[in-house]
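> Next come a sequence and a model predicted from it.
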Amino acid sequence: MNWIKKHQLYCDIHYAIETCITGLSSKQEPDYIAALVTRLPSKLSSILGRQYNVGGCFIHQKPCAKFCNPALQHYKSPEIGDLLIVYKENNPKGELYNALLLQAKKTGDIYNTTISAGDTHQLILYTQWPRFQYCRAGYLNGQKRSINPKTITAGAQYLLIDENKFYNTPCGHHTFWCAYADEHLTASKSLALQIINLLEFQTGRPFVSKRLHMDHWSQMIWDLLQISANSYFNRRHAGFNNTPRGSEVMDFFTEICNQDSNQDLILNQDQDTVQDNEDYGISTLLIVRNSQE
């Protein structure tokens with residue numbers, strides 16, 4: 001994509017994101033995430049064009065990671081993330097996947113945000129990736145994962161929510177910025193630009209198909225997609241928004257549910273199917289592209 005087209009795309013996505021949060025009556029972190037995943041899909045789909053399908057679901061009950069290392073067990077169990085953005089590309093050579101896991105944090109200064117002592121557990125997860133077991137994650141509870149490498153990666157970042165909007169850009173003020181995990185968070189790129197970079201595999205972290213031998217990062221992303229898809233089909237109020245039935249996004253999530261041998265779910269798109277007492281999962285923005293190249 002040439003620079004002129006990318007700049008226009010960047011501004012279009014930026015305006016779409018800002019429109020999504022216009023008029024929010026409450027501006028807590030979950031409110032921002034809910035606005036993004038329920039209002040952005042239809043706008044983003046129109047911007048990206050006919051090759052793309054976009055969907056999003058908001059799920060409040062997020063899974064956590066309980067550290068297995070005894071030396072870390074005095075810390076609280078951090079949330080695995082507030083928002084998962086997944087990109088799937090179908091092309092003649094096969095399927096490609098990319099993922100960006102984000103932990104939201106409101107701030108008054110996107111270039112100087114210090115992680116407080118009370119949030120150290122989240123920082124440890126994103127910078128060290130100690131071996132953990134799932135908790136507050138439905139049927140995944142107790143299952144263990146060990147993500148490598150044991151350091152920061154582009155796959156798990158902080159989503160800074162700028163409350164003051166001091167900093168201007170060629171497209172105007174941005175509310176959402178991304179920052180690599182660190183004790184002192186510094187915004188690197190806007191969310192609008194990160195979405196473009198994710199589609200070009202210039203940020204995020206790729207993962208592999210479930211049909212292949214999976215590393216634990218890939219396994220974790222599929223875990224999160226699985227429980228989120230199950231929650232969506234079990235609870236319509238947490239489900240996809242602005243996503244037409246029969247779209248690639250809907251088909252992808254249905255496929256994920258059908259691949260799960262651990263759950264006996266009724267997949268019904270017309271009414272609630274209440275088989276669990278809780279919704280477990282992560283708010284997800286899912287982008288699917290069908291490429292002929």
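Now that the structure is in, tell me what you want to look at.

> Lys150: how many residues sit nearby?
Using other C-beta atoms under 10 Å, Lys150 has 11 neighbouring residues. Backbone N, C-alpha and C define where each C-beta goes, glycine included.

> For the nearest residue to it once chain neighbours are set aside, give me the pLDDT.
What sits nearest to Lys150 in space, not counting adjacent residues and going by C-beta to C-beta, 6 or more residues apart in numbering, is Trp129, at 5.1 Å. We have a pLDDT of 98 for Trp129.

> Same question for Ser231.
72.

> Please pull up the helix or strand immediately following the helix or strand of the chain with the lowest mean pLDDT.
Taking mean pLDDT, DSSP states H and E as the measure, helix 248-258 is the helix or strand of the chain with the lowest mean score, a mean of 68. Downstream of helix 248-258, the first helix or strand assigned by DSSP states H and E is strand 283-290.

> Quick check: bridge partners of Lys144?
Using DSSP bridges, the bridge partners assigned to Lys144 are Gln133.

> What residues does it make contact with?
Residues near Lys144 by C-beta atoms under 8 Å, 6 or more residues apart in numbering: Cys68, Arg131, Phe132, Gln133, Tyr134.

> Now do the residue nearest to the spatial centre of the chain against Pro63, distance only.
By C-alpha atoms, centre = their mean, the chain has its centre lying nearest to Leu84, at 0.9 Å. Using C-beta to C-beta, to the nearest Å, Leu84 is found at 11 Å from Pro63.

> Ramachandran coordinates for the residue nearest to Lys150?
phi 50, psi 60 (degrees, to the nearest 10).

> who touches both of Leu84 and Pro63?
Common neighbours of Leu84 and Pro63 (C-beta under 8 Å, 6+ apart) are Leu224, Ile282.

> how deep is the residue nearest to Lys150 tucked in, by neighbour count?
By the criterion of other C-beta under 10 Å, Trp129 has 22 neighbours.

> Surely it touches Leu123?
No: the pair Trp129 / Leu123 is not scored as a contact, 11.4 Å apart, by C-beta atoms under 8 Å.

> going on from whatever helix or strand Ala35 lives in, what's the next piece of helix or strand?
In this structure, Ala35 is located in helix 29-48 according to DSSP H and E. Sequence order places strand 52-57 as the next helix or strand after helix 29-48, per DSSP H and E.

> and that following strand, what does it pack onto?
If you count contacts as 3 or more C-beta pairs under 8 Å, 6 or more residues apart in numbering; DSSP states H and E, strand 52-57 packs onto helix 29-48, helix 216-234, helix 248-258, strand 283-290.

> CSV please, covering these and showing distance to Asn2 and mean neighbour count.
Compiled in CSV, those are given as follows (distance: least, C-beta to C-beta, whole Å; neighbours: other C-beta atoms under 10 Å):
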stretch, distance to Asn2, mean neighbour count
helix 29-48, 16, 20
helix 216-234, 31, 23
helix 248-258, 26, 18
strand 283-290, 19, 22
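
> closest to Lys210 out of these?
Minimum separation from Lys210 across these (C-beta to C-beta) falls at helix 216-234, 5.7 Å.

> That closest one packs against which elements?
So helix 216-234, by 3+ C-beta pairs under 8 Å, 6+ apart, packs with strand 52-57, strand 83-91, strand 94-107, strand 144-145, strand 205-207, helix 248-258, strand 283-290.

> partner strands of the very next helix or strand once past the longest one, parallel or antiparallel?
Read in the C-terminal direction, the helix or strand following strand 94-107 is strand 113-114, with elements assigned using DSSP H and E. With DSSP bridges as the criterion, the sheet partners recorded for strand 113-114 are strand 184-185 (antiparallel).

> Any idea how many residues pack against Leu159?
25.

> can I assume it sits in a strand?
Yes: residue state for Leu159 (DSSP: H, G, I helix; E, B strand; the rest coil) corresponds to a strand.
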